[in-house]
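Engineer: Here's my sequence, what's the structure:
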Amino acid sequence: MIASNIRGRGATTNAAGRFEQFDTVPYDDGWDLEEDLHPLRTDVRDEIVRSLVTYNRSPDLPFDRSINPYRGCEHGCVYCFARPTHAYLGLSPGLDFETRLIARPNAADTLRKELSAKGYKVAPIALGTNTDPYQPIEKTRLITRDCLAVLQEFNHPIGIVTKGTLIERDLDILAPMARKGLVRVGISLTTLDADLSRRMEPRAPSPQRRLAMIRRLTQAGVPVRVMTSPVVPGLSDHELEQLLEAGKEAGADAASWIMLRLPREVSALWQDWLQENEPKRAEKIMSKLREMHGGRDYDPRWGHRMRGEGEYAELIGKRFKLAVKRLGLETKTSKLRCDLFERPTQVGDQLSLL
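Structural biologist: Residues are numbered from 1 along each chain as shown. Here you go, the predicted structure:
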């Protein structure tokens, strides 16, 4: 059973990261005394950053740069591929990832400096690639909103991925940017089963609430892609068409999918979760995943890691294509505009005589 002090969290363990020499485990001291376990609360610490824009050369991604206002994510999605990044901080990819968060209070100022640099060449920035920019702490920290204000000031194109309803708060920024062709949003919709969602994504909005987000964003003129990610074989894969239909009905104009990924520590965390939540399906789910990755839990090769390969992976791909065609959802959307980018005049700048 899940310990009472970690109810409402995704991970069931807090094993040390791969760089740590020692691990800490619960130990029965032999005393027949019931211990009072206090609720596991969220701790947020600040990190002052020197740079915010991160660049990548992955052929699997449609963007080459991203920004993340936070490290760790309180939504607690047990399957999150970003969990292993917490190991670089000396923290656990397990419960630490969703309870010991890092905020970057100077993110907006740093972003403004980077975009103002003479050598900067504009291209769409992805927001929310590693951790959700609209997780609960954004309500009080406002770091994501401050970054959006900077991007609007520069007319900079941006793509946002989120599950968080706080994005609706920022429609006063997003709607005007959308009218200029500067923003697209991706809403992750994993399942329509509220109970399954609550167990896999304990602090993320419910599926129906996410569909309401799509409606509100699209009604405000912000284009939205419904992201059926991750597809979990033997658990949520049967919902693929229903998810796409629900997204389309809510107003999404595009769709995408990614198979469940289990890099590094995520595999053990996921298997612990399966034994706790879906023990009868655990063997089948892992068997399907290994079938797609040459017998391994996960294969990180480019061109392979997002979808896997083999008969089952091909079947999911075909089902997705047929549903997208039937529903009129696009997989390739119009490019965000880069021609409007302009560095605003800064204090001390020499003004043009023309």
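Engineer: Need phi/psi at Gln275.
Structural biologist: For Gln275, the backbone dihedrals are phi -60, psi -30 (criterion: degrees, to the nearest 10).
Engineer: shouldn't it be in contact with Glu283?
Structural biologist: No: in this structure, Gln275 sits apart from Glu283 without contact. The criterion is Cβ atoms under 8 Å, and the distance is 10.3 Å. All C-beta spots, glycine's among them, are computed from the backbone N, C-alpha and C.
Engineer: Over to Glu176. Which of the three states is it?
Structural biologist: Rather than Glu, residue 176 is Pro. Per DSSP: H, G, I helix; E, B strand; the rest coil, the local secondary structure of Pro176 is helix.
Engineer: That one contacts Leu151, doesn't it?
Structural biologist: No: using Cβ under 8 Å, Pro176 is not in contact with Leu151, being 11.6 Å away.
Engineer: These two: which is more packed in?
Structural biologist: When neighbours are counted by other Cβ atoms under 10 Å, Leu151 comes out ahead of the other of Pro176 and Leu151, with 23 against 14.
Engineer: Which residue, other than its chain neighbours, is closest to the more buried one?
Structural biologist: Of all residues beyond its chain neighbours, the one nearest Leu151 is Ile158 (5.3 Å), with distances taken as Cβ to Cβ, 6 or more residues apart in numbering.
Engineer: How about Val78?
Structural biologist: Nearest residue to Val78 in three dimensions, chain neighbours excluded: Gly10, at 3.8 Å (Cβ to Cβ, 6+ apart).
Engineer: Lys318 versus that neighbour, what's the distance?
Structural biologist: As for Gly10, its distance to Lys318 is 31 Å (criterion: Cβ to Cβ, to the nearest Å).
Engineer: Could you pull up the residues touching Ala212?
Structural biologist: For Ala212, the set of contacting residues under the criterion of Cβ atoms under 8 Å, 6 or more residues apart in numbering consists of Ala250.
Engineer: quick one: which helix or strand includes it?
Structural biologist: Assigned by DSSP states H and E, Ala212 belongs to helix 207-219.
Engineer: Beyond that helix, next helix or strand please.
Structural biologist: The C-terminal neighbour of helix 207-219 among helices and strands, as given by DSSP H and E, is strand 224-231.
Engineer: what's the average pLDDT for that following strand?
Structural biologist: With pLDDT averaged residue by residue, strand 224-231 scores 96.
Engineer: So what's the model's average confidence on the helix holding Ala212?
Structural biologist: So the average pLDDT for helix 207-219 ends up being 98.
Engineer: Gly10 and Lys318: which is more packed in?
Structural biologist: Gly10 (27 against 10).
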